[in-house]
Each structure stands twice: as C-alpha cells, then as structure tokens.
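# Whatever this is, show me its structure:
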Amino acid sequence: MIYSGDDAPAKRPTGVSVRQAMWSWAVALALVLGLGAIFYGINARHNAQTAAKEPAILAAPAPAAGVPAPTPQTSTGQPVPETTGQGRNDAR
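Have a look, this model is predicted:
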C-alpha cells in the first residue's frame, strides 16, 4: 500500500533557528569561561604552593674584626678524625 496523503511536509526543515543558534553560542561561551576560570584557579593555587620559603638554616653571622676563626677541634668539641674519608685507613 502506497501512502499518497497531502499531510506530509513538502520540505524537510534544515539547520537550526536563530534562537537555537544563540542559545548554543551562549552555552559554548559559558563553558569556555567556566573552564578558563577553573584552570586559572588551579594555576594560581599551584604557583602559590611553590613560592619560595625562608631557608631552614640561616647563615652564621660574620666574625668580629681582628678575631681569628676558631679551629675545628674547639668549635665542635670532637677530636679531629684520623682518616680523610677517602677509602681505607691503612698505609700500603
């Protein structure tokens, strides 16, 4: 059986209406701005965490003028080691 009614649309609608296009552009713009704000926030947070911090050990003050520096034996209270730390201690 063949349908021969006149109630079929003569032409198929193509494309989108102006209203649909405007909504599509508005949603796309909102997504781009939202993602940009998120990435900006992540980047700002990441840069804040890697900011330079004060050193844990501060440099020692400079010695007074005319006063010789202390010898290592008296500055640490420990005797001078017998080895240089470069291998075996015995002489060959």
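
# show me where pLDDT drops low in the chain?
Applying pLDDT under 70 to the chain flags the ranges 1-10, 12-13, 48-53, 70-81, 83-92.

# Which helix runs longest in it?
The single longest helix within the chain, with elements called by DSSP state H, is helix 18-49.

# So which bits of that helix are buried?
Of all the residues in helix 18-49, not one is buried under the rule 16 or more other CB atoms under 10 Å. Where you see a C-beta, it was placed from the backbone N, CA and C, and this is true even at glycine.

# Which elements pack onto that helix?
Helices and strands touching helix 18-49, as assessed by 3 or more CB pairs under 8 Å, 6 or more residues apart in numbering; DSSP states H and E, are absent.

# mind checking the SS state of A69?
Judged by DSSP: H, G, I helix; E, B strand; the rest coil, the three-state class of A69 is coil.

# gap between it and P61?
12 Å (CB to CB, to the nearest Å).

# repeat for Y40
Where P61 is concerned, Y40 sits at a distance of 44 Å (CB to CB).

# And for L35?
Counting by CB to CB, the gap from L35 to P61 is 52 Å.

# same question, A28
62 Å.

# Repeat that for Q20.
On the measure of CB to CB, Q20 and P61 end up 74 Å apart.

# Repeat that for G34.
From G34 to P61 the distance is 54 Å (CB to CB).

# With A26 instead?
For A26, the distance to P61 equals 65 Å [CB to CB].
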